[in-house]
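K.L.:
heads up, no residue letters with this:
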């Protein structure tokens with residue numbers, strides 16, 4: 001009998017291969033393969049009234065690789081957009097991790113418009129996919145003005161679209177960013193931006209899907225004698241007798257009757273009034289610490305009889321496709337690198353590779369801006385020469 005010693009690094013590599021062998025990619029499209037029109041269906045929604053926007057494939061104004069960086073591109077301002085792609089086979093994520101990931105570039109410096117995608121159930125109709133179509137998950141950035149810049153993460157549960165209660169901020173620059181949503185089989189979730197975790201936790205805590213575990217005891221109420229004001233009026237403080245003798249307004253001592261004032265025509269002249277600097281306002285007693293203060297009253301809680309645990313908040317019976325359905329005031333967004341899988345490590349590794357794409361876009365734009373500034377300066381110099 002003998003043993004074989006296997007190097008530690010080889011064991012790690014073998015474990016990684018085994019993990020890959022058991023992972024599944026349900027859908028992937030980075031548009032490097034020809035024929036995207038055959039894989040994606042543009043909806044007829046809004047075509048009849050002329051408000052449906054046109055899609056094309058573009059890498060945008062600034063990119064790392066003109067071919068590899070191409071994605072679905074919104075081309076017309078103030079339009080509705082709806083497009084979808086079916087998976088080769090519907091699947092359920094019961095008992096498995098679900099990872100939904102895509103990249104997006106708002107090259108138009110978007111001021112109001114959606115950038116989210118939807119994971120669709122079996123039976124969806126791509127040709128008529130619209131804003132009322134049922135979906136399992138809606139995920140991605142939504143921007144409208146400076147006060148609304150969030151990453152949507154909505155789960156459809158019990159026939160209702162449930163919004164996440166804690167928001168992650170959306171990126172608002174004009175470069176490529178990658179968004180990743182994760183639902184785990186232990187009923188937890190996570191959200192990543194550019195491969196970095198931004199938020200996670202139990203699904204039950206961050207979505208209002210289940211009834212609360214505890215409720216206020218209906219048999220209990222705050223006692224009438226309960227004092228919850230930490231301060232009180234000083235009983236020894238009394239209003240001075242002359243406090244109300246000073247009026248709030250006084251005649252303006254600097255006002256003078258105009259020289260052309262005619263009392264027969266204009267009536268009797270009266271000097272205007274101004275706020276009285278001596279006026280003290282309504283009298284209020286001084287406030288002191290309340291010796292009877294008991295603190296804030298906390299309503300006793302009891303178990304909620306309506307609460308029922310659900311170990312499958314993360315799970316859906318079927319996922320059959322991915323869709324984009326949104327409104328954009330200013331077009332130009334590029335959607336790319338769609339991935340639906342159960343392999344989070346692989347997804348995050350892929351997401352982090354797109355950070356180099358963003359750096360290249362920044363460099364390209366910086367170079368273009370410098371060239372434009374130089375050209376403008378040269379034009380000014382030429383115009384000065386012509387004026388001489």
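P.N.:
Perfect, thanks for sending it. This structure is a prediction, so every number in the text was calculated from the model and none was measured.
K.L.:
residues contacting the residue nearest to residue 174 when sequence neighbours are not counted?
P.N.:
Excluding the flanking residues, the one nearest residue 174 by CB to CB, 6 or more residues apart in numbering is residue 107, at 4.8 Å. Backbone N, C-alpha and C define where each C-beta goes, glycine included. By CB atoms under 8 Å, 6 or more residues apart in numbering, the contact set of residue 107 is 60-62, 174-175, 332-334.
K.L.:
kindly report the same for residue 108.
P.N.:
Going by CB under 8 Å, 6+ apart, residue 108 touches 174, 330-333.
K.L.:
if we go to 6 Å?
P.N.:
Neighbouring residues of residue 108 by CB atoms under 6 Å, 6 or more residues apart in numbering: 330, 332.
K.L.:
per-residue confidence at it?
P.N.:
The per-residue pLDDT reported for residue 108 equals 91.
K.L.:
report the secondary structure state of the residue sitting nearest the centre point of the chain.
P.N.:
For the chain, residue 150 is the residue whose C-alpha lies nearest the centre (CA atoms, centre = their mean; 1.1 Å). The three-state label given to residue 150 by DSSP: H, G, I helix; E, B strand; the rest coil is strand.
K.L.:
now the nearest residue to residue 244 once chain neighbours are set aside: how far from residue 276?
P.N.:
Closest residue to residue 244 apart from its sequence neighbours, by CB to CB, 6+ apart: residue 283 at 7.7 Å. Look at residue 283 and residue 276: by CB to CB, to the nearest Å, they are 15 Å apart.
K.L.:
quick revisit: got the phi and psi for the residue nearest to residue 174?
P.N.:
The phi/psi pair for residue 107 (degrees, to the nearest 10) reads phi -70, psi -10.
K.L.:
for residue 383, same thing?
P.N.:
phi -70, psi -40.
K.L.:
among the contacts of residue 107, which ones are in strands?
P.N.:
Per DSSP state E, strands hold the following members of the contacts of residue 107: 333-334.
K.L.:
just the buried ones among the contacts of residue 107, please.
P.N.:
The neighbour count (16 or more other CB atoms under 10 Å) marks 60, 62, 174-175, 332-334 as buried among these.
K.L.:
out of the residues you listed, who's nearest residue 271?
P.N.:
residue 174 (62.6 Å; CB to CB).
K.L.:
and the pLDDT at the closest one?
P.N.:
For residue 174, pLDDT reads 92.
K.L.:
doesn't residue 110 make contact with it?
P.N.:
No. Here residue 174 does not reach residue 110: they are 8.3 Å apart, not a contact under CB atoms under 6 Å.
K.L.:
columns distance to residue 103 on top of the buried ones among the contacts of residue 107, output as JSON lines?
P.N.:
Shown next, in JSON lines, are the buried ones among the contacts of residue 107 (distance: CB to CB, whole Å):
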{"residue": "60", "distance to residue 103": "12"}
{"residue": "62", "distance to residue 103": "15"}
{"residue": "174", "distance to residue 103": "13"}
{"residue": "175", "distance to residue 103": "10"}
{"residue": "332", "distance to residue 103": "15"}
{"residue": "333", "distance to residue 103": "11"}
{"residue": "334", "distance to residue 103": "8"}
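K.L.:
those: which two are farthest apart?
P.N.:
Every pair of these checked by CB to CB; the farthest is 62 and 333, at 14.3 Å.
K.L.:
helices along the stretch 201-350 of the chain, start to end?
P.N.:
Secondary structure of the stretch 201-350 of the chain (DSSP state H, counting those that start in this stretch): helices at 203-206, 263-266, 344-387.
K.L.:
relative to residue 156, which of these is closest?
P.N.:
Per CB to CB, nearest to residue 156 of the helices of the stretch 201-350 of the chain: helix 203-206, 13.0 Å.
K.L.:
if you count neighbours, what's buried in that closest one?
P.N.:
Buried, per 16+ other CB under 10 Å, within helix 203-206: 203-204, 206.
K.L.:
distance of residue 346 relative to residue 107?
P.N.:
Taken as CB to CB, the span from residue 346 to residue 107 is 27 Å.
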